[in-house]
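**Q** All I have is the shape, not the residue letters:
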Ligand code: UD1
Ligand code: MG
């Protein structure tokens, strides 16, 4: 739920994402791991793009091909410029790999530096940061924390002005007691950044080219260094392992839940809801526990979602309810419909107003007309059903002949008796009546009864088999 911010200056974004992330113990590059169903890198790209930047540069190294492939079909891809850093020689070196593709000449050109593994940064924070930088000043995002270990410390002089950043491994014991740390996110005038980085060396404990070394250079050149001290540490929390990934996921989900509650949605338990995509809600929506929304989901007014339900890429109209244990994907469910418990609604399903889908009913590529009911144990695939059709328990639309799929058409007010098989393609015209247990493989005209089953024989004097003696 980002806000787009207008900035007066020319801004380019550089996102560092070349690190391996060994502690994730995964063959997938770290920045491709998801938070809320979206890769960490996409979260960061979206935040950067919301700043109305001229261009977004992503520095990749480990797993570069995999990362670029992932973005090939994303709409934001057109705006991305990839820079490669074959060897991870440090954050300063990483930023340098992006600079040749950035116009650093203008006086007011600024570079916003973000980390691909710091996914929850908010656009409001970035807007504040950008506002505090210009041709003669930088801005840093810092955090005051009781657990600064491992992070770069902010060094201030007696006038409280920032004069340097010292990395933990290079810090004196006294510097290690400083609780203000560098988040890594900063805005730097482009031309100066280029000049300073050219001068950064690697004579330090890690033998790396530190981006943070430009701070002392800026201070010596008389630049003002502004700090935005952040309160919500989650915003600048980086992900190095699966524990941190899980922690940020829960934080992200709790934020989603709080926003829904504020918007008037009733959540039985805000801690037991996951949104992995975009959820749009109407008024008086009720959501029970352990519900997962994936992709783009829209819920109309007065929609009720039961416990243990998964809904993906689906829109659900006013007054409809999804009962416990149902799994819904790629469906268009209109108003006052009832689905479940334990229904499986698959892609291409359209349930018109007042449709009722009961337990253990599966639908796929199926359009059900207004008021149609399939109450129990049925499969409806590749079929169009009219209004007020009654689909009996155990009905199967047999759409697949082992090679091809076929379509069946069922008119209005058709009654399909229990345990019937409709061998597609068949057409059941309006008001057709199918006797229970029928195998239907030819069309049924309007107002006809179709009986497609063996005639019952009663055999008198039947003796039950006896258990044989050994
Ligand atoms: C960095 C900062 C430190 C800050 C901390 C915040 C420097 C020298 N230090 O330290 O002050 O407190 O982040 O988390 O900048 N990366 C590359 N190429 C490289 C090295 C890193 O792309 O050669 C990327 C990583 O993938 C990661 C980011 O830059 O996304 C930060 O790198 P990391 O190694 O985590 O830096 P820190 O040592 O934690
Ligand atoms: Mg780090």
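**A** Yep, it's here. Remember, it's a predicted structure, so these values are computed and weren't measured experimentally. Ligands and ions are numbered 1, 2, ... in the order given.
**Q** Could you list the contact residues of the stretch 151-300 of the chain toward ligand 1?
**A** Neighbours of ligand 1 within the stretch 151-300 of the chain, by C-beta under 6 Å from any ligand atom: 151-152, 165, 167, 181-184, 210-212, 238. Every C-beta, even on glycine, is put in place using the N, C-alpha and C of the backbone.
**Q** Can I get the residues you listed in a markdown table including secondary structure, neighbour count and pLDDT?
**A** Listed next are those as a markdown table, based on DSSP: H, G, I helix; E, B strand; the rest coil; neighbours: other C-beta atoms under 10 Å; pLDDT from 0 to 100:
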| residue | secondary structure | neighbour count | pLDDT |
| --- | --- | --- | --- |
| 151 | coil | 22 | 95 |
| 152 | coil | 27 | 97 |
| 165 | strand | 27 | 98 |
| 167 | coil | 19 | 97 |
| 181 | strand | 22 | 97 |
| 182 | strand | 24 | 97 |
| 183 | strand | 27 | 96 |
| 184 | strand | 21 | 96 |
| 210 | coil | 21 | 98 |
| 211 | coil | 27 | 98 |
| 212 | coil | 23 | 98 |
| 238 | coil | 17 | 94 |
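**Q** which residues does the closest residue to ligand 1 within the stretch 351-470 of the chain bridge with?
**A** Ligand 1 sits closest to residue 364 of the stretch 351-470 of the chain, with a gap of 42.3 Å, by C-beta to the nearest ligand atom. Bridge pairing for residue 364 (DSSP bridges) gives the partners residue 381.
**Q** Please read off the pLDDT at it from the model.
**A** Residue 364 carries a pLDDT value of 98.
**Q** The helix ranked longest in the chain packs against which elements?
**A** Counting by DSSP state H, the longest helix found in the chain is helix 242-262. In terms of contacts (3 or more C-beta pairs under 8 Å, 6 or more residues apart in numbering; DSSP states H and E), helix 242-262 is packed against strand 34-35, strand 266-267, strand 273-281.
**Q** Count the neighbours of the residue of the stretch 351-470 of the chain closest to ligand 1 for me.
**A** For residue 364, the count of nearby residues is 21 (other C-beta atoms under 10 Å).
**Q** who's in contact with it?
**A** 346-349, 380-382 (C-beta atoms under 8 Å, 6 or more residues apart in numbering).
**Q** what about residue 128, is that helix, strand or coil?
**A** Put simply, residue 128 is helix when judged by DSSP: H, G, I helix; E, B strand; the rest coil.
**Q** dump the residue contacts of the residue in the stretch 101-250 of the chain positioned nearest to ligand 1.
**A** At 2.1 Å from ligand 1, residue 152 is the closest residue in the stretch 101-250 of the chain, using C-beta to the nearest ligand atom. Residues near residue 152 by C-beta under 8 Å, 6+ apart: 165-168, 181-182, 184, 212.
**Q** make it 10 Å
**A** 91, 140, 142, 164-171, 178, 180-184, 210-212, 215 (C-beta atoms under 10 Å, 6 or more residues apart in numbering).
**Q** same deal with residue 236?
**A** Contacts here follow C-beta under 10 Å, 6+ apart; on that basis residue 236 touches 115, 118, 120-121, 125, 141-143, 145, 151, 181-185, 230.
**Q** thinking again about what came up before, tell me the angle the longest helix of the chain makes with strand 273-281.
**A** Counting by axes from the mean of the first three to the mean of the last three C-alpha atoms, to 10 degrees, helix 242-262 lies at 40 degrees to strand 273-281.
**Q** Next one: residue 335 from residue 385, what distance?
**A** As judged by C-beta to C-beta, to the nearest Å, residue 335 and residue 385 stand 17 Å apart.
**Q** So for these two, which sits in the more crowded spot?
**A** residue 385 (27 against 19).
**Q** name the element the residue of the stretch 301-450 of the chain found nearest ligand 1 belongs to?
**A** In the stretch 301-450 of the chain, the residue that lies nearest ligand 1 is residue 312 (30.5 Å; C-beta to the nearest ligand atom). Element membership of residue 312 [criterion: DSSP states H and E] is strand 310-316.
**Q** avg pLDDT for that strand?
**A** Averaging pLDDT along strand 310-316 gives 98.
**Q** next one: it to chain centre, how far?
**A** Chain-centre distance of strand 310-316: 13 Å, with C-alpha atoms, centre = their mean, to the nearest Å.
**Q** in its sheet, what does it sit against?
**A** Partners of strand 310-316 in the sheet, by DSSP bridges, are strand 291-299 (parallel), strand 327-329 (parallel), strand 331-333 (parallel).
**Q** Could you dump those strands into CSV with mean pLDDT and mean neighbour count added?
**A** Below are the strands paired with strand 310-316 laid out as CSV (pLDDT from 0 to 100; neighbours: other C-beta atoms under 10 Å):
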stretch, mean pLDDT, mean neighbour count
strand 291-299, 98, 20
strand 327-329, 98, 21
strand 331-333, 99, 23
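**Q** Of all the ones you listed, which one is nearest residue 446?
**A** Smallest distance to residue 446 across the strands paired with strand 310-316 (C-beta to C-beta): 28.2 Å, for strand 331-333.
**Q** quick one: contacts of the closest one?
**A** Contacts of strand 331-333 (C-beta under 10 Å, 6+ apart): 298-300, 303, 311-317, 320-322, 337, 339, 345-353, 355, 357, 363-364, 366-368.
**Q** swap the cut-off to 8 Å and go again
**A** Here strand 331-333 makes contact (C-beta under 8 Å, 6+ apart) with 314-317, 320, 339, 345-351, 355, 363.
**Q** Give me the buried subset of these.
**A** Buried members of the contacts of strand 331-333, counted by 16 or more other C-beta atoms under 10 Å: 314-317, 320, 339, 345-346, 348-351, 355, 363.
**Q** What helix or strand is residue 60 located in?
**A** Using DSSP H and E, residue 60 maps to strand 55-60.
**Q** and the residue of the stretch 1-150 of the chain nearest ligand 1?
**A** For the stretch 1-150 of the chain, C-beta to the nearest ligand atom, closest residue to ligand 1: residue 19, 2.5 Å.
**Q** circling back: residues in contact with the residue of the stretch 301-450 of the chain closest to ligand 1?
**A** 277, 293-295, 297, 328-330 are the contacts of residue 312 under C-beta under 8 Å, 6+ apart.
**Q** From residue 330, how far off is it?
**A** Residue 312 sits 7 Å away from residue 330, going by C-beta to C-beta.
**Q** Could you do residue 258 as well?
**A** 29 Å.
**Q** again with residue 455
**A** Counting by C-beta to C-beta - residue 455 and residue 330 are separated by 43 Å.
**Q** got it, and residue 432?
**A** Per C-beta to C-beta, residue 432 is found 29 Å from residue 330.
**Q** ok, these two, which is more surrounded?
**A** More crowded of residue 432 and residue 330, by other C-beta under 10 Å: residue 432, with 24 against 15.
**Q** any idea how far whichever residue of the stretch 251-400 of the chain sits closest to ligand 1 is from residue 346?
**A** The minimum distance from the stretch 251-400 of the chain to ligand 1, using C-beta to the nearest ligand atom, falls at residue 251 (16.8 Å). Residue 251 sits 33 Å away from residue 346, going by C-beta to C-beta.
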